[in-house]
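Engineer: the amino acid sequence is not available; the structure is as follows:
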């Protein structure tokens, strides 16, 4: 269930129905940001990044961002030169409505790839959105950006810093094409804290590394992903010392919001019936730990076994063996399903029973833990199962 | 339909039911090789390689291989020290029955991972198999090694060299966990030609690179894969000059047998309804071309679109963009479905119609061709679609 998000001083939102697809719902979201706010973002690593991503990257480099425009239903990706023009026209529409400059607007699109954006519908929707801007628009915003999501994704925190309350609110969308390096995933997190630009730039990278870059639904990375972090500066004194206890306190809360949103995406993974944490302990490096975790979390054979509640540990060792660790001593590998040891010294653990493993796998939320005994690096990711419903959703998406 | 394979002088085979699983079919295959034959093999790259793979690697290094023993139903993988002992016991059983040394036997297992091999059942089956050895045993051999395969996979060729006929016969099994670097894939190819060991070693590597390492069913690599090439030397003069026309003629036929077997595995991919060639042209390097081809061929979103006969070209460009080419100029990328151009200059091709794309995608066998316009390297792979049946097969495999 989506919680009701608090308003963030300095941020106003409005969602309107622009009929980008043949539906009645809100599908266009406008976010207005107070003057003087800091805005940072991370974008997809896909070489075929979408037109709005190219335009947003260009605009954010110039600073002084005052508005975000997000549409669902059409990704404006692989649309060539016209796609870029379309994204720019949308920015101009927002600039005219809010009396700001076009370069102060960041455009975002999510939906079908390879079809031209219905620009006129979007331009027609902007004035109504501009007129409806409201600090309490977060909940409807979280619904307006949905595509194959079955539910909106929201998270919030408050922290007390030097007697002042700082509020953080975030929304995200995404259910398929989820993989590290950003996915068909859009996330917008805002706080009323004052955070100087260089620290905010660092903070969004760290928060994404700990959250959206540790989830996997199907191993595909989309053309349109973006995560935006806004510090409106409407409350609180400037946090300009990254080593201070105050900054660390706020950072922890911001990272928590990102993690909660990322986990919500996995829980709503296309067709997902299970939420599984893959924890890899005692690897030689963090990279190695993550490689093993993703090999397990992205293996179709593991994911179908999760779906079937079948503790097929052979598929788990297969995946560990495929992670590319050339000098892996398999006789040191242990694997646990929650607290049930299933693999010991590279083979089936003494005393392990199918019944005990099955009991863990039948839960909707559990942990697969691999101990490599090679070093002291630990990492974890979150994944989901691969179900009939995933095939149905993705075989019928455009029809 | 499996063709009836010719006998290969110097090779005798026998299949028997050893009841390794609770089934009535033949599940144990013994292959006897004439003295003086050359035998080469390639094995899985999975770090958790199975006990029989470790033993076979050790034995083949010593040369003079005289027999292969293959069981279906149990992979003897992730079975620790006992697994190694079990594989050695099987070799000893064959050695006793055929009056050869244990190190002259290569053991192979395929089936469920992580359960101990029912060694006594295998030992009980060996004498009957040894008594039944026959040059015409290829067809029943192709059935005895099946696991989730729905049909046996066989291929053969004959070539005339200097007035003499050389025959090549091969069998393979595998339907899931199929990916480069060998998969749950076993293949045995034999010829009566005489090929010296160093040339045969090179030949098996090249043949596997052109065939089994270019197919993908689900992106997983198994613990047990192996491909064995046998030159019995029972006919033909020694082929010891790799640059000779005779050698090239024979090599081409051997590679063709490997490709036919590899393609048969994709066609029988778990739940597969389509056979798709992914061709990448004008890449900067062969590695780059293969990376793009596999990114397309392994993307769950592309594979579900194939299943749905939905020419969702957005997913194709998404996959091209994910192949890790950092300096890709997307405005030069073209994509064709057979001879229908769907993407031009990185966007939807002028004149492309959904109807034309759909007509290609509705076929059971077609080609997706990507032109990168970056260089002159070309590569191709073969893949299949991702269906409901794949999920069903893999969610119910052990039950």
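Structural biologist: The structure has been received and is ready for your questions. Keep in mind the model is a prediction, meaning the values are calculated, not measured. Residues are numbered from 1 along each chain as shown, chains lettered A, B, ... in the order given.

Engineer: quick one: residues contacting residue A:275.
Structural biologist: Applying CB atoms under 8 Å, 6 or more residues apart in numbering or on different chains to residue A:275 gives the contacts A:263, A:266-267, A:364-365, A:382, A:384. Using the backbone N, CA and C atoms, a C-beta is placed for each residue, glycine as well.

Engineer: chain B: which of the residues you listed is nearest?
Structural biologist: Checking these against chain B with CB to the nearest CB, the nearest one is residue A:384 at 12.6 Å.

Engineer: what does the stretch 51-200 of chain A have sitting close to chain B?
Structural biologist: Taking CB under 8 Å from any CB of the partner chain, the part of the stretch 51-200 of chain A that reaches chain B is made up of A:75, A:77-80, A:82-83, A:112-115, A:176-177.

Engineer: in chain A, where is pLDDT below threshold?
Structural biologist: Residue ranges of chain A with pLDDT under 70: A:1-3, A:175-184, A:217-223, A:236, A:390, A:392-399.

Engineer: rewinding a little: helices - which of the contacts of residue A:275 land there?
Structural biologist: A:263, A:266-267 (DSSP state H).

Engineer: quick one: which helix or strand includes residue A:378?
Structural biologist: Using DSSP states H and E, residue A:378 maps to strand A:377-384.

Engineer: sheet-wise, list the partners of that strand with their directions.
Structural biologist: Partners of strand A:377-384 in the sheet, by DSSP bridges, are strand A:215-216 (parallel), strand A:275-283 (antiparallel).

Engineer: determine which stretch of those is the most buried.
Structural biologist: Stretch with highest mean neighbour count among these: strand A:215-216 (a mean of 25; mean count of other CB atoms under 10 Å in any protein chain shown).

Engineer: without its sequence neighbours, what residue ends up closest to the residue in the stretch 51-200 of chain A positioned nearest to chain B?
Structural biologist: Going by CB to the nearest CB, chain B is nearest to residue A:113 of the stretch 51-200 of chain A, at 2.4 Å. Spatial nearest neighbour of residue A:113, excluding adjacent residues (CB to CB, 6 or more residues apart in numbering or on different chains): residue B:314 at 2.4 Å.

Engineer: packing partners for the helix or strand hosting the one you found?
Structural biologist: Under the criterion of DSSP H and E, residue B:314 resides in helix B:313-321. On a contact count with 3 or more CB pairs under 8 Å, 6 or more residues apart in numbering or on different chains; DSSP states H and E, helix B:313-321 meets helix B:286-298, helix B:300-307, strand B:334-337, strand B:340-344, strand B:365-371.

Engineer: please repeat the previous calculation with a cut-off of 7 Å.
Structural biologist: If you count contacts as 3 or more CB pairs under 7 Å, 6 or more residues apart in numbering or on different chains; DSSP states H and E, helix B:313-321 packs onto helix B:286-298, helix B:300-307, strand B:340-344.

Engineer: tell me the most buried of those?
Structural biologist: With neighbours taken as mean count of other CB under 10 Å, these reach their highest mean count in helix B:300-307, at a mean of 26.

Engineer: coming back round to it: mind putting the contacts of residue A:275 in CSV, neighbour count included?
Structural biologist: Conversion of the contacts of residue A:275 to CSV gives the following (neighbours: other CB atoms under 10 Å in any protein chain shown):
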residue, neighbour count
A:263, 18
A:266, 24
A:267, 19
A:364, 12
A:365, 10
A:382, 24
A:384, 28
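
Engineer: mind listing what residue A:378 touches?
Structural biologist: Contacts for residue A:378 (CB atoms under 7 Å, 6 or more residues apart in numbering or on different chains) come out as A:280-281, A:289.

Engineer: please redo it, this time with the cut-off set to 6 Å
Structural biologist: If a contact means CB atoms under 6 Å, 6 or more residues apart in numbering or on different chains, then residue A:378 has residue A:281 as its contacts.

Engineer: list the contacts of residue A:169.
Structural biologist: A:5-6, A:8, A:138, A:156, A:190.

Engineer: run the last query once more with 8 Å
Structural biologist: Contacts of residue A:169 by CB under 8 Å, 6+ apart are A:5-8, A:138, A:154-156, A:189-191, A:257.

Engineer: looking at the residues you listed, which is nearest residue A:69?
Structural biologist: Closest approach between these and residue A:69, by CB to CB: residue A:190, at 15.5 Å.

Engineer: excluding chain neighbours, what is closest to that closest one?
Structural biologist: For residue A:190, the spatially nearest residue (CB to CB, 6+ apart) is residue A:230, at 4.1 Å.

Engineer: tell me how far the helix or strand harbouring the one you found lies from the chain's centre.
Structural biologist: Using DSSP H and E, residue A:230 maps to strand A:226-231. Offset of strand A:226-231 from its chain centre (CA atoms, centre = their mean, to the nearest Å): 11 Å.

Engineer: ditto for stretch A:9-27
Structural biologist: 20 Å.

Engineer: and it, end to end?
Structural biologist: Terminal residues of stretch A:9-27 are spaced 24 Å apart (CA to CA, to the nearest Å).

Engineer: do stretch A:294-305 and chain B meet?
Structural biologist: Yes - using CB under 8 Å from any CB, stretch A:294-305 reaches chain B at A:299-301, A:304-305.

Engineer: and what about residue A:42, helix, strand or coil?
Structural biologist: With DSSP: H, G, I helix; E, B strand; the rest coil as the basis, residue A:42 sits in strand.

Engineer: show me where the stretch 1-150 of chain A has helices.
Structural biologist: A:51-61, A:80-98, A:119-132, A:138-144 (DSSP state H, counting those that start in this stretch).

Engineer: would you mind finding the most buried of those helices?
Structural biologist: helix A:138-144 (a mean of 23).

Engineer: other SSEs contacting it?
Structural biologist: So helix A:138-144, by 3+ CB pairs under 8 Å, 6+ apart, packs with strand A:11-16, strand A:28-33, strand A:153-161, strand A:164-173.

Engineer: save these as JSON lines, and put in distance to residue B:168 too.
Structural biologist: Listed next are the helices and strands packed on helix A:138-144 as JSON lines, based on distance: least, CB to CB, whole Å:
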{"stretch": "strand A:11-16", "distance to residue B:168": "67"}
{"stretch": "strand A:28-33", "distance to residue B:168": "64"}
{"stretch": "strand A:153-161", "distance to residue B:168": "58"}
{"stretch": "strand A:164-173", "distance to residue B:168": "55"}
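
Engineer: which one of the ones you listed lies nearest to residue A:213?
Structural biologist: With CB to CB as the criterion, residue A:213 lies closest to strand A:164-173 of the helices and strands packed on helix A:138-144, at 13.5 Å.

Engineer: list the strands paired with that closest one, with their directions.
Structural biologist: Strand A:164-173 pairs in its sheet with strand A:153-161 (antiparallel), strand A:186-191 (antiparallel), by DSSP bridges.

Engineer: list the helices and strands whichever helix or strand comes after the shortest one packs on?
Structural biologist: Using DSSP H and E, the helix or strand that follows strand A:186-191 in sequence is strand A:194-195. In terms of contact count using 3+ CB pairs under 8 Å, 6+ apart, strand A:194-195 is assigned the packing partners strand A:238-239.

Engineer: pull up the pairing partners for the strand it packs on, direction included.
Structural biologist: By DSSP bridges, strand A:238-239 pairs with strand A:194-195 (parallel).

Engineer: in the helix or strand following the partner strand, what's buried?
Structural biologist: Using DSSP H and E, the helix or strand that follows strand A:194-195 towards the C-terminus is helix A:197-210. Residues A:199-201, A:203-204, A:207-208 are the ones in helix A:197-210 that count as buried (16 or more other CB atoms under 10 Å in any protein chain shown).

Engineer: and helix A:197-210 with strand A:186-191, angle?
Structural biologist: Using axes from the mean of the first three to the mean of the last three CA atoms, to 10 degrees, the inter-axis angle of helix A:197-210 relative to strand A:186-191 is 130 degrees.

Engineer: got the contact list for helix A:197-210?
Structural biologist: By CB under 8 Å, 6+ apart, the residues outside helix A:197-210 that reach it are A:38-42, A:63, A:182, A:189, A:195, A:227-229, A:231, A:239-240, A:242, A:247, A:251, A:254-255, A:258-259.
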